[in-house]
Every structure is written in C-alpha cells, then in structure tokens.
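Engineer: Next one to model:
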Amino acid sequence: MLELGFIALVAIVTLAIFLVVNAVLARQSPATERFDRIAAGESGVGLAAVLPPPPETGPRARFDTWFEVAVRRSGMDASPAGVVAMMFLIAVVLGGGVYLWKESLGLAAVGVALGLLIPLAVIAYASRRFRWQLQLQIPDAFRMLAGSVRAGQTLDQAIEFYAERGNKPLADEFAHCAGLLRLGMGPFAALQQTASRVRLLDFDLLVSTVGLYTQTGGNLVLMLERLADSVRDRNQYYGQFFAATAQGRIVAFALGAAGPLLLLIYALAEPEHVQAFFASPRGWLILAFCAVLQVIGIVWLWRILKVDY
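Structural biologist: Residues are numbered from 1 along each chain as shown. Down below sits the predicted model:
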C-alpha cells in the first residue's frame, strides 16, 4: 500500500510539473512576439532581437537542436520542455503501472524506457513527415518564384508573394524570410537564415543560386526553373525508390522487432518461462549477443537504405 501511494504521489507531482511548465512556456517569448509584429508589417523592432543565436557544438548540443526542431516540425502546439515533461509523465505512469502489475523492478525499468522512447519516436516520425512535405513543395515554390520574377517583381517581392499565396507549411518558412526582409536584410542573408530553419539540401541550393546571382548576375528566372526541375526529378527518384523498397523495409522492421516484442510479451504474460533465463549468466550473455546482432542489423539496413542523389 505504501508503494502504491508513493507511485501515485510521483505521478501527481510529475503531472503538476508538466502543467506548470506547459502553461509557462506556452506563452510567446518577447522575441517571438516582436518577430510576429515585424511579419505583420509593424516597424521599430531591432534585427538582433529575432536572429537565432550561434549554434553550439558537441553531441548534447546537436541532440538539443534536433529535438527542438523536431518538436517544432511535429505539428504539436507544445514547447520542447513541455514535451519532455509529458515524456517523463508517461514514463512514470507506465513504469509504475508495470511495477504494480508484476512487482518487478526490471520490468518497471523497461516500462520507463518505453515511456521515454515511444513519444520520442512519435515526434521523430511526425518531424520526418513534415520534412518530406516541405521537400515535395519546394519545386512548385521555385517555379512560383521564377514566375514572379519573370512577371517583373523583384526577388524580395517574389518571396513575399509566395509567403502570402503559397502552400503551407513551406509558405510559413517564406513568411519568416519575408519578415527578415522587412527588417532590412538582403535576400541572400534572409534566405540563409531561413535555410538554417528548413534544413533541406534543396533549399540550400536556392541560397547558393541567389548568392551566385547577387555576385555575378545572370538570368535568375532560368536558374530557378532549372533548379525546380532538378529538385522535382530528385523527388520523383526518392518516391520511386521508397515505393520499390517498401515491402523489404516492412519485412525487415517486422523481423527486427519480433524478437524483443516476443521476449517482452513472455516477460509480462508468462514470467516463469523467462525467469530462469534471466537468472543465468549464460542467458544474459545470449541476450547481449542478440542485442549486438540487432544493432549490426539496424546499422546495416540504414546504410543500405541511405540514398545519395
């Protein structure tokens, strides 16, 4: 009974922390508010207030940057700190529930790990879908920019036109670029800042094209149209590749997940079948060997499915 009260107290405290953090961080920061005013056409706001800080280095900084970008692209109306609080809440609830069910610290640790990893996997999948959606919209965006420039608009006007009339979510990124243009930045610098948000190779090619045009001149319409055709061909190749390898990838993922899932199901439903296995040093050695083989298979599959085009 004491253990039940302790677990309930931990869950309640975690829920309270999540609600407080989510309520505080749901409000816009002053810099975000100032940028929204600039995007709406207001003036009197400095450029340094809305520019992102210089990126940090190191594995932890790279993971923090990836997590922040993934949460922003997941489509969830939440802050990274709020998502982390929710992950800990799910981990406490799932781990505590498993412990109350089976009274096993090992299974409770597995429940905590799943409670942390499952939301992270959902966010990563949603971010990947958002990234692919941006990738599919890039050729039409480049064509629309080229058409606007051909019609007599400047590049700044073409960017603002797509921000107003283009397809979302890519139009939202161009709206960010248009806001930087209103702050007085040049097209090349504004697109560079936007490219650091989008994080797509083909958008970086747009930045390079605009930079080349700014330095040497040339036919910007023709360059944008050729770039749009190149990106469209690349998207079609990716679509054909993933469609041709869909069955193999699904089978590989199913076979890779079958072993750990069966072991988890037996540990939860029939713990006596695996109790002797876990109690033996030889059993842990077999588990470690299987885990190494799983990691090798995941890395191998990732290398096979990695496409450079």
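Engineer: show me what contacts residue 131?
Structural biologist: 73, 199, 200 (C-beta atoms under 8 Å, 6 or more residues apart in numbering). Bear in mind the C-beta positions are built from the backbone N, C-alpha and C, glycine included.
Engineer: how close does the residue nearest the centre of the chain get to residue 123?
Structural biologist: For the chain, the residue whose C-alpha lies nearest the mean C-alpha position (C-alpha atoms, centre = their mean) is residue 70; its distance is 2.4 Å. To residue 123, residue 70 is 5 Å away according to C-beta to C-beta, to the nearest Å.
Engineer: How about residue 132?
Structural biologist: Computed as C-beta to C-beta, the residue 132 to residue 123 distance reads 15 Å.
Engineer: same deal with residue 203?
Structural biologist: For residue 203, the distance to residue 123 equals 22 Å [C-beta to C-beta].
Engineer: just residue 84 next, same as before
Structural biologist: 11 Å.
Engineer: Common neighbours of these two, please.
Structural biologist: Counting by C-beta under 8 Å, 6+ apart, nothing touches both residue 84 and residue 123.
Engineer: which of the two has more neighbours?
Structural biologist: residue 123 (21 against 18; other C-beta atoms under 10 Å).
Engineer: Past the helix or strand of the chain with the lowest mean pLDDT, which element shows up next along the chain?
Structural biologist: Across the helices and strands of the chain, mean confidence by mean pLDDT, DSSP states H and E is lowest for helix 30-39: a mean of 47. Where DSSP states H and E defines the elements, the next helix or strand beyond helix 30-39 is helix 59-73.
Engineer: tell me the mean pLDDT over that following helix?
Structural biologist: Helix 59-73 comes out with an average pLDDT of 75.
Engineer: same question, stretch 264-284
Structural biologist: In this model, stretch 264-284 has a mean pLDDT of 75.
Engineer: who's in contact with that stretch?
Structural biologist: 98, 101, 102, 104, 106, 107, 110, 263.
Engineer: Go through it and flag the buried ones.
Structural biologist: 267, 268 (16 or more other C-beta atoms under 10 Å).
Engineer: How far does it sit from its chain's centre?
Structural biologist: Relative to its chain's centre, stretch 264-284 lies at 36 Å (C-alpha atoms, centre = their mean, to the nearest Å).
Engineer: Just the CA atoms of that stretch, as PDB, please.
Structural biologist: Only the C-alpha atoms of stretch 264-284 are listed here, as PDB (Å, rounded to 0.1, in the frame of the first residue of the first chain):
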ATOM      1  CA  LEU A 264       8.600  -8.600 -23.600                       C
ATOM      2  CA  ILE A 265       5.300 -10.400 -24.000                       C
ATOM      3  CA  TYR A 266       6.600 -13.600 -22.400                       C
ATOM      4  CA  ALA A 267       8.100 -11.500 -19.500                       C
ATOM      5  CA  LEU A 268       4.800  -9.800 -18.900                       C
ATOM      6  CA  ALA A 269       2.400 -12.700 -19.600                       C
ATOM      7  CA  GLU A 270       4.400 -15.800 -18.600                       C
ATOM      8  CA  PRO A 271       7.300 -14.600 -16.400                       C
ATOM      9  CA  GLU A 272       8.100 -18.100 -15.100                       C
ATOM     10  CA  HIS A 273       9.200 -19.000 -18.600                       C
ATOM     11  CA  VAL A 274      11.900 -16.400 -18.700                       C
ATOM     12  CA  GLN A 275      12.800 -16.200 -15.000                       C
ATOM     13  CA  ALA A 276      15.400 -19.000 -15.200                       C
ATOM     14  CA  PHE A 277      16.700 -17.500 -18.400                       C
ATOM     15  CA  PHE A 278      17.300 -14.100 -16.700                       C
ATOM     16  CA  ALA A 279      18.800 -15.700 -13.600                       C
ATOM     17  CA  SER A 280      21.500 -17.500 -15.600                       C
ATOM     18  CA  PRO A 281      24.700 -15.600 -16.600                       C
ATOM     19  CA  ARG A 282      24.700 -17.600 -19.800                       C
ATOM     20  CA  GLY A 283      21.200 -16.200 -20.500                       C
ATOM     21  CA  TRP A 284      22.400 -12.600 -20.100                       C
END
